[in-house]
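A.B. asks: I would like to see how this sequence folds:
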Amino acid sequence: MKGQPRSDDPYIGLVPYETEDAALFFGREAEQGIIRDNLIASRLTILYGQSGVGKSSVLRAGVVPTFMGMAEEARADDEPPEFVCVIFNSWSGDPIVGLKDAIRIAFQETFTLDRAIEEEAQPLSEYCRAVTVKFKVTLAIILDQFDEYFLYHPYERGPGTFFSEFPLLVNDPTARVNFLISIRDDSLSALDRFKGHVPRLFKNYLRVRPLGIEAAARTIREPLKRRSVPVEIEDDLVKHVLDSVRADRELLSDPAAPAPAEHNEISGVVEAPFLQLVMTRVWNAERQQFDESTPGLLSRLLGRATGQSDRTMILRDSTLTRLGGAEQIVRNHVEHILMDSFKPSEQNIARKLFYYLVTPSQTKIAYTAADLASCDL
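C.D. replies: Numbers count the residues shown, from 1 in each chain. The predicted model follows:
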């Protein structure tokens, strides 16, 4: 299933892909099929990968739409859906309340109902059993950004908590509920909290690896083909971008910082967020230039009447060069965010905070506000 994108732009920038961006999401077709099949077949799957590798995007824009497509096909054949897919990542509040709400919304969308079931005051384990029995489906629950659960609920224990309800569902062979936990690779050890409560916790796990060169090229080219007006892209631009955002390049390197840790597979892969940022900037520059040089509506209508086709927008390598290349685009983006979001007196503090949010080996750290308040700035 390919949904309606949030905007008319082919690239999304630094935000993760959402379900409605499925029509623009390319390069992870093999992974999303493997993830879906594991979520269907296994009671618990652990999906892990480094920060920024695209775990949330492949789940939201790749896996979830496949379940939605399966439900649509079942309804078209006058058959009930077999699965209801739920994705949840709101860990700062009560996970039980938030997850129940996400389940209710998923059932509403799958079965076009006002409410899935009324007894939401039940414990999570009983609630899930009740809705799956009532609608004769299996719940496929994706727990995204699970590392944040440990951040916001470090000491959670006791009956009625997620810590106790989650193992009850995983361990119950009669419960038609499958889980997928998506977590950063540097937070995998935090799952040990459940080790004594979920036997064979790490039996089934998948790794999301960095985006390869060929897949990255698809993420550049394929979204342009989904536009209603023709857009072309120069091969030289594709090559230039892919070379600029390789994982072994340091787009924002600090000469005074320690060298990053080596990665075994750093060659031949790209930094997907940087790719999106660079292509978004090139796209915006080309679109602005194209719009400024395109005749008005009356002239375009006259051109069509005389058999003249509209001009084709072209994404050019010279535009990337004019913008200063990938490194300058990234630097400009950071500076613009600082200037737009903070007062001059706050900008230096924000710059210093970056060193606390990312380790010298480029591992993201999620600090609480209290932790950051105690930093020596």
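
A.B. asks: how about Tyr11, secondary structure?
C.D. replies: Under DSSP: H, G, I helix; E, B strand; the rest coil, Tyr11 falls in the coil class.

A.B. asks: Enumerate every residue touching it.
C.D. replies: Neighbouring residues of Tyr11 by C-beta atoms under 8 Å, 6 or more residues apart in numbering: 24, 223, 276, 279-280, 283. Glycine gets a C-beta too; all of them are placed from N, C-alpha and C.

A.B. asks: which among these end up buried?
C.D. replies: 24, 223, 276, 279-280, 283 (16 or more other C-beta atoms under 10 Å).

A.B. asks: which one of those is nearest Leu151?
C.D. replies: Ranking the buried ones among the contacts of Tyr11 by separation from Leu151, with C-beta to C-beta as the measure, puts Gln276 on top at 25.6 Å.

A.B. asks: Measure how far the helix or strand where the closest one lies is from the centre of its chain, please.
C.D. replies: Assessed by DSSP states H and E, Gln276 sits inside helix 272-293. The chain centroid and the centroid of helix 272-293 are separated by 21 Å under C-alpha atoms, centre = their mean, to the nearest Å.

A.B. asks: counting contacts, what elements does that helix pack onto?
C.D. replies: In terms of contacts (3 or more C-beta pairs under 8 Å, 6 or more residues apart in numbering; DSSP states H and E), helix 272-293 is packed against helix 213-225, helix 235-244, strand 313-315, helix 317-322, helix 325-341.

A.B. asks: Most tightly packed of the ones you listed?
C.D. replies: strand 313-315 (a mean of 19; mean count of other C-beta atoms under 10 Å).

A.B. asks: strand partners of that strand, parallel vs antiparallel please.
C.D. replies: Each strand that strand 313-315 pairs with, and the sense of that pairing, follows from DSSP bridges: strand 231-233 (parallel).

A.B. asks: hang on, the earlier thing: let me know the angle separating the helix holding Gln276 from helix 325-341.
C.D. replies: An angle of 80 degrees separates the directions of helix 272-293 and helix 325-341 when computed by axes from the mean of the first three to the mean of the last three C-alpha atoms, to 10 degrees.

A.B. asks: Give the buried residues for helix 272-293.
C.D. replies: Applying a neighbour-count criterion of 16+ other C-beta under 10 Å, the buried positions in helix 272-293 are 272-283, 285-286, 290.

A.B. asks: For Gln145, state which of those is nearest.
C.D. replies: Nearest to Gln145 out of the buried residues of helix 272-293 is Pro273 (C-beta to C-beta; 15.4 Å).

A.B. asks: I'd say that closest one and Val15 touch.
C.D. replies: No - using C-beta atoms under 8 Å, Pro273 is not in contact with Val15, being 9.4 Å away.

A.B. asks: Tell me where the stretch 51-200 of the chain has helices.
C.D. replies: 55-57, 64-76, 95-111, 124-135, 147-152, 162-171 (DSSP state H, counting those that start in this stretch).

A.B. asks: In a markdown table: those helices, plus mean neighbour count and distance to Tyr205.
C.D. replies: Formatted as a markdown table, the helices of the stretch 51-200 of the chain follow (neighbours: other C-beta atoms under 10 Å; distance: least, C-beta to C-beta, whole Å):
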| stretch | mean neighbour count | distance to Tyr205 |
| --- | --- | --- |
| helix 55-57 | 22 | 13 |
| helix 64-76 | 18 | 20 |
| helix 95-111 | 18 | 22 |
| helix 124-135 | 19 | 23 |
| helix 147-152 | 18 | 15 |
| helix 162-171 | 19 | 14 |
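
A.B. asks: Specify the stretch among the ones you listed that is closest to Arg36.
C.D. replies: Evaluated with C-beta to C-beta, the helices of the stretch 51-200 of the chain place helix 64-76 nearest to Arg36, the distance being 5.2 Å.

A.B. asks: angle of that closest one against helix 95-111?
C.D. replies: 40 degrees.

A.B. asks: Name the surrounding residues that touch helix 64-76.
C.D. replies: Counting by C-beta under 8 Å, 6+ apart, helix 64-76 makes contact with 1-3, 19, 22, 32-33, 36, 80-85, 87, 109-110, 140, 142, all of which sit outside it.

A.B. asks: Give the PyMOL command for selecting the buried subset of those residues.
C.D. replies: Here is the PyMOL command that selects only those of the contacts of helix 64-76 that count as buried (16+ other C-beta under 10 Å):
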select buried, resi 3+19+22+32+36+81+83+84+85+87+110+140+142
